[in-house]
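Asks: predicted model follows, preceded by the sequence.
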Amino acid sequence: MLNIIIAIVAVILLTIGIVWVIDKFVPKKAKPFITIALWLLIVFLGYKTFMSVYGEIQFNQLKEKRYNQVIKNLIDIRNAQVAHKVITGKFTDNFDDLVKFIDTAEYTITQRRDSTVLDVERTKLFGGVETFKTLVLVDTLDFVSVKDSLFKTSTRYKTMMSVPVGAEGAKFELKAGMLDSIPVFEASVRKEVVLFDQEKYLIKKEEQVVSVDGVNGPTIKVGSMDEVNTTGNWPKNFSKEQ
C-alpha cells in the first residue's frame, strides 16, 4: 500500500516537472493541449492517491464492525463449550450436539459440609473408647438449566454456529480433542470469509497482521488445539471478554 502511494506521488511530481518543461520549451500553439492533458493526469493521480488512503480507512471501519459481530458468536460458543466441559468432562466438535446440550443440560448446585460420626472400628480397637471421624458430605441443593444460566430467554445459541457477516452460509469451524490428556477445543473462521467482498490486497494485508491492537493471523478464533486455553485471539478493543 505504501509503495503504491509513493509511486503515485512520484508520478505526480514528475508530471508537474514535465508541465514546467513544456511551459519553458514547447511551442505556444501546442502548450494548451499538452498542459491540459497533463493537469488532467495530475488530478486523476491525485484522486487515485486519495481513494487508496480513504479506501483503507473504510476497510478498517468495516473490518472492526464485522469482527465485533463475529466475536460475539465466538464468545457464545466458548461459553457453551466451557459449560459442556464442566458437566460432561470434555468439549465437543459438533454444533448439533452442543445446541442439544444447551437445551437439555442442567448444572447441579451442591453444598459441601463436614460431619463428625462415631468410628466404630477404631472404637472397638481402643477397647470401647469412643473415637470419631470426620466425613465430607455433599448435599444437592438445586438444578439450574444451562440455557437459562448462559442465554436466559435468548435463542441465539441455535444460530451461533453461523458466521453472522461475510460470505453467505459460512459456518465456524469447530474442533475438539485432547492435548496431553487435557480437553481442548477451537472455534474459528478465516478472515477472507468475513471480508470476502473487499479488495484482495487489503485482505492479504489483514491476514498478515501482527499487532497488540489487531487480530493476529489469518483467522479469528477462540480456544486452541495447540495449547490449553479458552481465550480469543482478539485484543480488548474488540471485546472486553477474552
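Replies: Received, thanks. Residues are numbered from 1 along each chain as shown.
Asks: contacts, neighbours, all on C-alpha from now
Replies: Fine.
Asks: hmm, which helix or strand of this protein has the shakiest average pLDDT?
Replies: Scoring the helices and strands of the chain by mean pLDDT, DSSP states H and E places helix 2-25 at the bottom, with a mean of 66.
Asks: determine the set of other helices and strands touching the very next helix or strand once past that one.
Replies: Next along the chain after helix 2-25, taking DSSP states H and E as the criterion, comes helix 31-88. Under the contact definition 3 or more CA pairs under 8 Å, 6 or more residues apart in numbering; DSSP states H and E, helix 31-88 sits against helix 2-25, helix 95-104, helix 146-151, strand 182-190, strand 219-223.
Asks: state the distance from residue 157 to residue 79.
Replies: Going from residue 157 to residue 79 by CA to CA, to the nearest Å gives 10 Å.
Asks: between those two, which is the more surrounded one?
Replies: residue 157 (20 against 14; other CA atoms under 10 Å).
Asks: confirm that one sits in a strand?
Replies: No. The assignment for residue 157 by DSSP: H, G, I helix; E, B strand; the rest coil gives helix, which leaves it out of any strand.
Asks: so it touches residue 76, yeah?
Replies: Yes. Residue 157 is within contact range of residue 76, at 6.9 Å (criterion: CA atoms under 8 Å).
Asks: was I right about residue 150 contacting residue 78?
Replies: No. Using CA under 8 Å, residue 150 makes no contact with residue 78, being 11.0 Å away.
Asks: more neighbours: which of those two?
Replies: Each of residue 150 and residue 78 has its neighbours counted (other CA under 10 Å); residue 78 has more, 23 against 15.
Asks: burial measure for residue 72, as a count.
Replies: By other CA under 10 Å, 16 other residues sit near residue 72.
Asks: ok, now how distant is the residue lying farthest from the centre of the chain from residue 165?
Replies: Farthest-out residue of the chain from its mean C-alpha position, per CA atoms, centre = their mean: residue 127, at 68.1 Å. To residue 165, residue 127 is 77 Å away according to CA to CA.
Asks: excluding chain neighbours, give the residue nearest to residue 91 in space.
Replies: Nearest residue to residue 91, sequence neighbours excluded (CA to CA, 6 or more residues apart in numbering): residue 85, at 5.3 Å.
Asks: distance of that neighbour from residue 14?
Replies: According to CA to CA, residue 85 and residue 14 sit 65 Å apart.
Asks: cheers, nothing more for now.
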